[in-house]
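A.B. asks: got a sequence here, can you build the structure:
(chains A and B)
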Amino acid sequence: MRTGSDRLAEIQGIFDARFNARLRSSLTSAVIEAVSERPLGPHDDQSARVVRALGNAPIAGKYVVLSLGADGPWAIARIVIGAEGNVVISEGAHTSYEEAMRQIFLKRVDALVSEWTNRDSEEQ
Amino acid sequence: MRHVSPHIFGYTDRFSGRPGETLTFHISCEGMQQYEASLVKLRHGFTGSAGPGFVETEIASDFDGKYEGAWHECRPGSYVQVDDPDQKLAASGDLRLRAAVFATIAGDARTTGLGAYHVTQNSTSGSGSLQTILGKWDDGAEAGYALALEDGVPTFLWNEDGRVKRLRLGKQLADNQWYDLEVEFRRDAGIVRLSSTPLSSLMNRQAAHASGLTTDWAEGRIQEGSGKSSAPFRIGAAAMREDGRWIPVHVFNGKIGNVHFERRTESVAAFEDVAAWHFGRSARDDQLLLDEVVDESPNALHGTCFNAPTRAVTGVSYAGLVDDFRLVPDQYDAIHFHDDDIADAQWPISFTFEIPGDLSSGVYAARLRAEGVEQHIPFFVLPGAKRNAVAVLFATATYLAYGNDRIAFEADGAEVIVGHTPIIDLNDLTLQDHPEFGRSCYELHNDGSGVVYGSVRRPILTLQPKHRAWFQSEGVWGLPADLCIAHWLETEGVNFDVITDQDLDREGVALLEDYVVVISSAHPEYVTRNEIEAISRYTAEGGRFMYLGGNGFFATISFDPEQPHLMELRRSDGGTRPHQSPFGDQRHATSGERAGLWRNKGLPPQRLLGVGFVAQGFDHGTHYLRLQDSFDPRVGFAFEGIEARDTFGDFGIMGGGAAGAEIDCFQPVLGSASAALVLATSGPLSDAYLLASEEVFEMLPGLGGTEQVSVRSDIVLTALDGGGAVFSVGSIAYTAALSHDGYDNDIARLTGNVLRRFLDPVPLLGVLTSTGVDSIEGSFAVDAEASSV
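C.D. replies: Predicted coordinates:
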């Protein structure tokens, strides 16, 4: 039987399509360059919109920065409930947390672009 | 999945004590047999090279030495237990059990809102498929009886002929809907009957005529003599024997009320109450609802709450007209239980510490070490008879509010609210492997309701002196931030006493009377009414208060008068808040105090401090800009040795600037004294700093720091009639800048200058008059009456 959750999911899908279309137009090479240069910001309005969109993703599987010592280094980890510490830690570490943030941003952009490319292929 | 690696955990029975008093320490070891305990004085916490590093001093004590380690389980889950020495609640004869039930997670997923941070994932495990409403169920022996929800379906289970028998209804209960559940035994006929009837209530999620809910019932066979158990009678949980105690298992999530245990005897045809618990009724003169549960039957089978279930919550008959449980107790006949409530781990005492008479007041810890593992159990030693001139008020209430914060692992919005990718540390991972240590008051319970209690008596990993908060780069927060103040005072050569929120709440202004200067913590967000009144009276009577933080004196907390290790923090429906208590549940059971922001209750911090919370952001801090008042000769003392004529404070451990994180500004409209001097204001802040929601009456575009003049931190000095004065910096990041460049910096100089002047008993106004500067237009002194609360 169709429930309230099903009805909300339908509406969420419609919104997501609009949101992603806007995000796709906002995610320019200039934005990627600007955020890469200053991952902690401050960001111009267009970059801030992209950073918010990526940062608002569901927490399951999301990237975070993991501090490994008093002055670093900093690793990249993903939130995975059930793993030790509820994170899966990527290999390697970075000498600054800003560098780790930069890498996380670029990973998110890559994942998003791949998703869009796959979707385009499926639609063709 | 549970991951165990070598660790030591522990807690004290309370945060603070005076010489001659004894603290108890409760220690659990994982993966090790022995540990060494030492007394240390904590002097600085932050470990990074941007500050002085971690500094502690060993002090010989009676508890120093090696101890055998033992592992103790921490068992969350709240419930009511009823002592029944005469076995009046045994399953014999003709019985009827009745309860009104409001399940909050009958199914396998919560259906409530997501809170301010959009919590979409749960990092702590719940009760599983069985949730116990009431009964005497021994889960280890699988014996006794219980009314429960099994996969959300009302179920009566009992043991008979060595087997567990079940009587189940056909339908799962709807979440957030009151039902009457009833079990009736007719032993002569060998029948047990179970029914559920939806009840009409204002507090149901859906209107009765829209819910489509119907009555459900079932009958089964039961033998006389079945359902026996030695387990205690509990409401909200079953019991299991472990480690010499009955631990809670299969804990209920949701509200239970109107609980009756009735019996019919041969001499009386109708059922009569054996017990009739009234959860809205208090045995206390003040009508507060603490841990005692009243039985209104002649048998007086009173119960006791364990692990702090939420009382003073609306029952099935709530009318919606009065929100004070003390005035309409019948409408508050309900208790909200949670399977992740934890108020006391109940670990045995590992060692005790009688505070010696010659131990100076300070921040101390029992340092526990074993095989490369280290843990500190911090506590605060108040002064004995001899006091220093300066006291620091450590924000232990705020430490409890943030205690064991897990938001970065559960909330979609964790990243956007802090404006950058969260930076977690290894201590956070340890906490994740120990969900049983409970949650912070910023989180949602497993059922989606907000956490409203914080307790000292459980391991609090965020209280570690080296801990860093995930929401700020180099995030010194809580105790580590306040140790920045302690170390700065040490560097200044100023001896000081420590006091805590619990102490000030308990003793009021009498605790402050001997001090010339009282200094706040970096983040005294949560305070009681008694504390505000104490600081107000103290400054009105000539005391000098240095508010070296941000977001201070912001929201209401209460301490349980009978269990002061327990703090209550409900959330009201206005202003900055991580979640919100339901309508009717926004009053503290432990004080009767309405929850919420003090500014919404007639006591804005601006009135007390000259500044009040206005914005938060965690990307970058910034510097301060000197304002016209800073050049006023009346405050020349403050800027002695400071060469900067324009900006200062563009440094600091937190975010690289003294102004940042959570910030306060000067607001005469909310009570900042108009004659107060505004010495400096913050430099530019990004749009990651957003105007606080209590400042936004209707939504308007452009609430960030680049578009809102109110998004700023102001440094304000208010002199009061009677010689008192308040110096406020309005920034959590401020004290993390004190140590920059070996304390040789303008933030340290400004703060030290003010401290030394405040220690001079000569009233600030008197100095001005004697030097003839009183000809400056306007009065520097503010009427103490006008600024007191």
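
A.B. asks: tell me how many other residues surround the closest residue to chain A within chain B.
C.D. replies: For chain B and chain A, the shortest gap (CB to the nearest CB) falls at residue B:429, measuring 3.0 Å. Yep, even glycine has a C-beta here, placed from its N, CA and C like the rest. The tally of other residues near residue B:429 (other CB atoms under 10 Å in any protein chain shown) stands at 20.

A.B. asks: need the pLDDT of it.
C.D. replies: Looking at residue B:429, its pLDDT stands at 96.

A.B. asks: I figured it was touching residue A:80, is that so?
C.D. replies: No: with contact defined as CB atoms under 8 Å, residue B:429 does not reach residue A:80; the gap is 11.8 Å.

A.B. asks: let me see the contact set for residue B:206.
C.D. replies: Residue B:206 makes contacts with B:174, B:177, as judged by CB atoms under 8 Å, 6 or more residues apart in numbering or on different chains.

A.B. asks: ok, now residue B:99?
C.D. replies: B:133, B:134, B:147, B:180, B:181, B:235, B:256, B:257, B:258, B:259, B:260.

A.B. asks: closest one of those residues to residue A:46?
C.D. replies: Lowest distance from residue A:46 to the contacts of residue B:99 (CB to CB) belongs to residue B:256, with 52.5 Å.

A.B. asks: which two among the contacts of residue B:99 are spaced furthest apart?
C.D. replies: Going by CB to CB, the pair spanning the contacts of residue B:99 furthest: B:180 and B:235, at 15.5 Å.

A.B. asks: which of these two has more neighbours?
C.D. replies: residue B:235 (26 against 16).

A.B. asks: isn't the more buried one up against residue B:146?
C.D. replies: No: taking contacts as CB under 8 Å, residue B:235 lies outside contact range of residue B:146: 10.7 Å.

A.B. asks: any shared contact partners between those two?
C.D. replies: The overlap between the contact sets of residue B:235 and residue B:146 (CB under 8 Å, 6+ apart) consists of B:133, B:134.

A.B. asks: let me know the closest of the contacts of residue B:99 to residue B:104.
C.D. replies: Closest approach between these and residue B:104, by CB to CB: residue B:256, at 11.0 Å.

A.B. asks: the closest one should be in a strand, yeah?
C.D. replies: Yes: counting by DSSP: H, G, I helix; E, B strand; the rest coil, residue B:256 is part of a strand.

A.B. asks: longest helix in chain A, please.
C.D. replies: helix A:97-123 (DSSP state H).

A.B. asks: near chain B, which residues of chain A are found?
C.D. replies: A:39-42, A:48, A:52, A:55-60, A:62-68, A:70-71, A:74, A:77, A:79, A:81-87, A:97, A:100-101, A:104-105 (CB under 8 Å from any CB of the partner chain).

A.B. asks: so residue B:362 sits against residue B:41, correct?
C.D. replies: Yes: the pair residue B:362 / residue B:41 is scored as a contact, 5.4 Å apart, by CB under 8 Å.

A.B. asks: when these two are compared, which one has more neighbours?
C.D. replies: Shown here are residue B:362 and residue B:41; by other CB under 10 Å, residue B:362 has more neighbours (21 against 17).

A.B. asks: so what's that one bridging to?
C.D. replies: Note on residue B:362: beta-bridge partners residue B:381, judged by DSSP bridges.

A.B. asks: who are the contact partners of it?
C.D. replies: Residues near residue B:362 by CB under 8 Å, 6+ apart: B:41, B:42, B:380, B:381, B:486, B:498.

A.B. asks: can you report how many residues lie near residue B:39?
C.D. replies: 20.

A.B. asks: cool, and residue B:699?
C.D. replies: 7.

A.B. asks: just to revisit the earlier point, now do the longest helix of chain A: distance to the chain's middle.
C.D. replies: 7 Å (CA atoms, centre = their mean, to the nearest Å).

A.B. asks: can you show me the helices along chain A?
C.D. replies: A:4-26, A:29-37, A:45-55, A:97-123.

A.B. asks: ok so, going back, quick one: the longest helix of chain A to helix A:4-26, angle?
C.D. replies: Counting by axes from the mean of the first three to the mean of the last three CA atoms, to 10 degrees, helix A:97-123 lies at 110 degrees to helix A:4-26.

A.B. asks: give the buried residues for helix A:97-123.
C.D. replies: Neighbour counts over helix A:97-123 (16 or more other CB atoms under 10 Å in any protein chain shown) mark A:97, A:98, A:99, A:100, A:101, A:102, A:103, A:104, A:105, A:108, A:109, A:112 as buried.

A.B. asks: and what of stretch B:42-60?
C.D. replies: Within stretch B:42-60, the residues that count as buried by 16+ other CB under 10 Å are B:42-48, B:50-52, B:54-56.

A.B. asks: any chance of TSV for those, columns distance to residue B:656?
C.D. replies: As requested, the buried residues of stretch B:42-60 are exported to TSV (distance: CB to CB, whole Å):
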residue	distance to residue B:656
B:42	25
B:43	24
B:44	19
B:45	19
B:46	14
B:47	18
B:48	13
B:50	9
B:51	13
B:52	18
B:54	21
B:55	23
B:56	27
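
A.B. asks: among those residues, which are in reach of chain A?
C.D. replies: Contacts with chain A within those, counted by CB under 8 Å from any CB: B:47, B:48.

A.B. asks: may I see the buried residues of stretch B:42-60 arranged in CSV, with pLDDT as well?
C.D. replies: Compiled in CSV, these are given as follows (pLDDT from 0 to 100):
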residue, pLDDT
B:42, 98
B:43, 98
B:44, 98
B:45, 97
B:46, 96
B:47, 96
B:48, 95
B:50, 94
B:51, 95
B:52, 96
B:54, 98
B:55, 98
B:56, 98
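
A.B. asks: so where's the chain uncertain?
C.D. replies: Unless you meant another one, I'm taking chain A. The model of chain A has no residue with pLDDT under 70.

A.B. asks: wait, chain B
C.D. replies: In the predicted model of chain B, residues B:1-4, B:123-127, B:765-789 satisfy pLDDT under 70.

A.B. asks: and if we set it to 50?
C.D. replies: The model of chain B has pLDDT under 50 over residues B:1, B:766-781, B:783-789.

A.B. asks: wait, residue B:136 touches residue B:90, no?
C.D. replies: Yes: shown here, residue B:136 and residue B:90 form a contact pair, counting by CB under 8 Å, at 7.4 Å.

A.B. asks: could you give the number of residues near the closest residue to chain B within chain A?
C.D. replies: Proximity of chain A to chain B (CB to the nearest CB) peaks at residue A:85, 3.0 Å away. When neighbours are defined as other CB under 10 Å, residue A:85 has 21 of them.

A.B. asks: show me the contacts for it.
C.D. replies: By CB under 8 Å, 6+ apart, the contact list for residue A:85 reads B:3, B:426, B:428, B:429, B:430, B:432, B:433.
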